[in-house]
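A.B. asks: coordinates only, sequence not included:
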RNA sequence: GGCGGCGUAGCCAAGUGGUAAGGCAUGGGACUGCAAAUCCCUGACCCCCGGUUCGAAUCCGGGCGCCGCCUCCA
C-alpha cells in the first residue's frame, strides 16, 4: 500500500491510493479546448495534476500521464447545441481551425513549462483519434445504447441506470430552463451526442466520414476513446476541473462503462476548484481573462504563480488578486534566497536531524496533496536556526521535487561581480567614494544604477549587485 | 428550481473535537553613513445565535453573507 490518500469525487471520501497495476499509476487529465488562450484559472487544473504526478512518483510509482487536447467538437453550449468552439474561433479570425488549435496548444504547452509542470507521457488530440472515437460509438450502438435523430447519434442515458450516481444528479429536479435549447428529438435532457452530423449546406473545416454520415465527434467521446487507447481500462486516476463533474465526466463514465462493461471505469476522480477572481468572473467569453504572459508583463516570475497555487489547497476556491500575487512573489523570492544560501553547504546532514521534517512534509503531501501545509514546512526548515546548513540544503532540495519551485536550479539573483564590467566599475567607484566618506557621490552612483534597475547590496564581504 | 462549496488576523491561507500552521503586509529592533537586502520580535474573542460535549474554529440545528456547477469556462 502507498501512504497517499486522495479525495475521490466518486465516493466523496478520502481514500488510500493503490494502483491497479502494482508499481504503475495510470493517470488521465482533461486538457484544454484550444480555441482561446489558456488563462490562469485553466492552469490550476494542470498544476493540480502535476502535484498528483509528483506525489505518485514520490511513492515510488511509475506514472503514465495522458493529457488530451480538444481541438474539435466542443460546442459553445454543452447541451449539444450551438457552434463548435474551434469553428467559431476560426470564422471570427479568418484563420483555419487547425491554425488556431496549434497556436493555443503551443501557448498552453509553453505556459505549463514555465510553471514547471512535468511533461506528460502522452498528449493526444481529438482530431487525431477520430477512428477510435467512431469505433467506440459503434460499440455503443451495437449494444443498443444509442439512437439516431436528425442532428446526430445520441447516447440514451436512460439505458444506463447509474447515470445520476457519479454527480449525485437529480435529473427530474434540474431546472427545466437549463436545457431549453435542446436539440429536437432528444429523448432525455441528459442525452448527449456521440456523433454530430455536419449541418446541411454547411461546409465545416473539420468533418469526417462515419458509418452514420459526414460529421464530427461529440465532445465527451474523445476522453473515453483516448484514455482507453493509451491507458487501458480500468485505470487509476482521472483529473479535471469541478465544472466537469456534472456533464463531461458523467458522460464519459456512461459511455465507457457501457462500452467496456466495467465498473468503476476509473478508480479515483480528482477535481480542482476554481480560482475566484473577484467580482466579474474571468472567462473566455467575457474577454477579461488573465493569462500567464500578463503576469510576466507585470514583472512576475512564472514560478511565483506556481507558488501562489501552492499556497492554497486544490480543492478549495482561492481568491486571486494582484495583491495576493505580489505576496506570493515575495514569498517565492525569499524561499529561493534561503535555498540559494544553503545550496553549496558542505558536509552531510545527520539523518536524524532531517527525519522529523521530512516526515512532516511527506505527511502533508500524502494527505490529499496538501501543498499549503507542505510549503509551510519548507519555510520552517528554510528559516530554522536549529538546523545546520547541510540539513537545510538536503531538505529543501528534496521538498522541491514536489514543490517544483526551482529551489535547486534557480540562478543566483545576486552577482558579486563579473557580470558586467561597466557596472562592476561603477560599484567599485561607489565603494571608493564611500571609503573616503563622500556619500553624496556614492549615492549618486547608487541612484544612477537604480535608474537602470540595478540594486546594490552592501554586505560584510563587500558590495554586490543584482538586477530587478 | 436542483447539486456542491465557502465564511479563520489588513491580504492569501492551513487546521475538521483538546484552547489557532505558513506566506505577505504593518509596527519595533539588529545591521547600514543613510538606504537596500537579510535576520529577530510583533498580531485572531476562528460570521451570528442556539445545541451536543469535561472540552468545538472543528459535530448538530437555525440564521446572515459569499461563491461555483447545472447554462462559455479549470
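C.D. replies: That came through fine. These numbers were taken from a predicted model, which means no experiment stands behind them. Numbers count the residues shown, from 1 in each chain, chains lettered A, B, ... in the order given.
A.B. asks: tell me the domain boundaries of chain A?
C.D. replies: Domains of chain A are assigned by automatic domain parsing as A:5-276, A:298-403, A:414-467.
A.B. asks: kindly provide the distance from the closest residue to residue A:154 other than its chain neighbours to residue A:221.
C.D. replies: Leaving out its chain neighbours, the residue that sits closest to residue A:154 by C-beta to C-beta, 6 or more residues apart in numbering is residue A:191, at 4.9 Å. The C-beta positions use only the backbone N, C-alpha and C, and glycine is treated the same way. Going from residue A:191 to residue A:221 by C-beta to C-beta, to the nearest Å gives 14 Å.
A.B. asks: who has more neighbours, those two?
C.D. replies: Higher neighbour count among residue A:191 and residue A:221: residue A:221, with 29 against 25, using other C-beta atoms under 10 Å.
A.B. asks: quick one: residues contacting the closest residue to that one other than its chain neighbours.
C.D. replies: Closest residue to residue A:221 apart from its sequence neighbours, by C-beta to C-beta, 6+ apart: residue A:133 at 4.5 Å. When contacts are counted by C-beta atoms under 8 Å, 6 or more residues apart in numbering, residue A:133 touches A:126, A:217, A:221, A:222, A:225.
A.B. asks: and residue A:133, what pLDDT?
C.D. replies: On pLDDT, residue A:133 comes in at 95.
A.B. asks: ok so it is a helix residue?
C.D. replies: Yes: judged by DSSP: H, G, I helix; E, B strand; the rest coil, residue A:133 forms part of a helix.
A.B. asks: tell me the mean pLDDT over stretch A:247-263?
C.D. replies: 94.
A.B. asks: buried stuff in that stretch?
C.D. replies: Within stretch A:247-263, the residues scored as buried using 16 or more other C-beta atoms under 10 Å are A:247-260.
A.B. asks: and what of stretch A:158-175?
C.D. replies: A:159, A:160, A:163, A:164, A:166, A:167, A:169.
A.B. asks: now the two most distant members of those.
C.D. replies: A:159 and A:167 (17.6 Å; C-beta to C-beta).
A.B. asks: determine the set of other helices and strands touching the helix or strand where residue A:154 lies.
C.D. replies: Element membership of residue A:154 [criterion: DSSP states H and E] is strand A:152-155. Contact partners of strand A:152-155 among helices and strands, from 3 or more C-beta pairs under 8 Å, 6 or more residues apart in numbering; DSSP states H and E: helix A:130-142, strand A:146-149, strand A:192-197, helix A:250-260.
A.B. asks: got JSON lines for the ones you listed, with distance to residue A:358 too?
C.D. replies: Converted to JSON lines, the helices and strands packed on strand A:152-155 look like this (distance: least, C-beta to C-beta, whole Å):
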{"stretch": "helix A:130-142", "distance to residue A:358": "44"}
{"stretch": "strand A:146-149", "distance to residue A:358": "53"}
{"stretch": "strand A:192-197", "distance to residue A:358": "47"}
{"stretch": "helix A:250-260", "distance to residue A:358": "38"}
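A.B. asks: any chance of CSV for these, columns distance to RNA strand B?
C.D. replies: Shown next, in CSV, are the helices and strands packed on strand A:152-155 (distance: least, C-beta to the nearest atom of the strand, whole Å):
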stretch, distance to RNA strand B
helix A:130-142, 18
strand A:146-149, 17
strand A:192-197, 9
helix A:250-260, 10
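A.B. asks: where in the stretch 301-450 of chain A is pLDDT low?
C.D. replies: Residues of the stretch 301-450 of chain A meeting the criterion pLDDT under 70: A:411-419.
A.B. asks: now with 90?
C.D. replies: A:321-322, A:337, A:340-354, A:384-389, A:408-428, A:435, A:447, A:449-450 (pLDDT under 90).
A.B. asks: does residue A:126 touch residue A:216 like I think?
C.D. replies: No: here residue A:126 lies out of contact with residue A:216, judged by C-beta atoms under 8 Å, at a distance of 9.2 Å.
A.B. asks: got a list of what the closest residue to residue A:143 other than its chain neighbours touches?
C.D. replies: Counting by C-beta to C-beta, 6+ apart, residue A:143 lies nearest to residue A:258, which is 6.5 Å off, once chain neighbours are set aside. Listed by C-beta under 8 Å, 6+ apart, the contact partners of residue A:258 are A:140, A:143, A:145, A:159, A:160.
A.B. asks: where does the residue of chain A found nearest RNA strand B fall, phi/psi-wise?
C.D. replies: Relative to RNA strand B, the nearest point of chain A is residue A:241 (1.2 Å; C-beta to the nearest atom of the strand). Torsion angles at residue A:241 (phi, psi; degrees, to the nearest 10) stand at phi -80, psi 160.
A.B. asks: distance check, it against residue A:97.
C.D. replies: Counting by C-beta to C-beta, the gap from residue A:241 to residue A:97 is 24 Å.
A.B. asks: please apply the same query to residue A:23.
C.D. replies: Separation of residue A:23 from residue A:97 (C-beta to C-beta): 41 Å.
A.B. asks: neighbour-wise, which of these two wins?
C.D. replies: Neighbour totals were compared for residue A:23 and residue A:97, and residue A:97 leads with 24 against 9 (other C-beta under 10 Å).
A.B. asks: now do the contacts for residue A:33.
C.D. replies: A:70, A:71, A:74, A:85, A:86.
A.B. asks: follow-up on the earlier one: go through the contacts of residue A:133 and flag which are in strands.
C.D. replies: Cross-referencing those against strands under DSSP state E gives residue A:217.
A.B. asks: quick one: secondary structure of residue A:448?
C.D. replies: Assignment for residue A:448 (three-state DSSP): helix.
A.B. asks: any idea what sits nearest it, other than its immediate chain neighbours?
C.D. replies: Counting by C-beta to C-beta, 6+ apart, the residue nearest residue A:448 is residue A:426, at 7.1 Å.
A.B. asks: please consider this matter closed, and thank you.
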